[in-house]
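Colleague: Requesting a structural model of the entry that follows:
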Amino acid sequence: MTNATTTKGKCFCGSVEFTVAGEPAAMGYCHCSSCREWSAGPINAFTLWPPEALKITKGAGNIEVHHRTDRSLRKWCKTCGGHLFTDHPHWKLVDVYAAVIPSVKFKPGVHVHYQETVLPMKDGLPKQKDVPKEMGGSGVLLAE
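Modeller: This is a model prediction of the structure:
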């Protein structure tokens, strides 16, 4: 990726460092129970990138992965437990958690899995029942 903006990120302790290049394919909020349990919060702020945009620059051997399902391969730092990414191979995208790339201006465009929300939000963004139709979901929008 030439002439692309490169942004640095890291885990909580700095044992793992990485860059993302270019612009994310999408940004938003996930309300599914799996993301809530993983993040220990009421929502997950996601940024989705093509896998080739992500480069591990330090500590690749310090990354652990959990395969709860083959659709979401969650990764974290073995030293601090800091969450890093979730690979979504079926979409050919990786979710780099917005919090680990603080210099990327977070511009959410959608809420996904909003039928599972525990934190209703009135922000004018589309509220997908599951995920957009082009990503294999129903494409059904819910009211705020």
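
Colleague: drop to CA atoms for contacts and neighbour counts, all remaining ones
Modeller: Fine.

Colleague: What segments of this protein are helices?
Modeller: Per DSSP state H, the chain carries helices over the ranges 33-39.

Colleague: By mean pLDDT, which helix or strand of it comes out lowest?
Modeller: strand 63-69 (a mean of 92; mean pLDDT, DSSP states H and E).

Colleague: What strands line up against that one, and which way round?
Modeller: Sheet pairing of strand 63-69 (DSSP bridges) gives strand 72-77 (antiparallel).

Colleague: For the partner strand, what is the distance to the chain centroid?
Modeller: 10 Å (CA atoms, centre = their mean, to the nearest Å).

Colleague: Could you count how many residues lie near Met121?
Modeller: 12 (other CA atoms under 10 Å).

Colleague: Nearest spatial neighbour of it, chain-adjacent residues omitted?
Modeller: Excluding its sequence neighbours, the residue lying closest to Met121 (CA to CA, 6 or more residues apart in numbering) is Glu144, at 6.8 Å.
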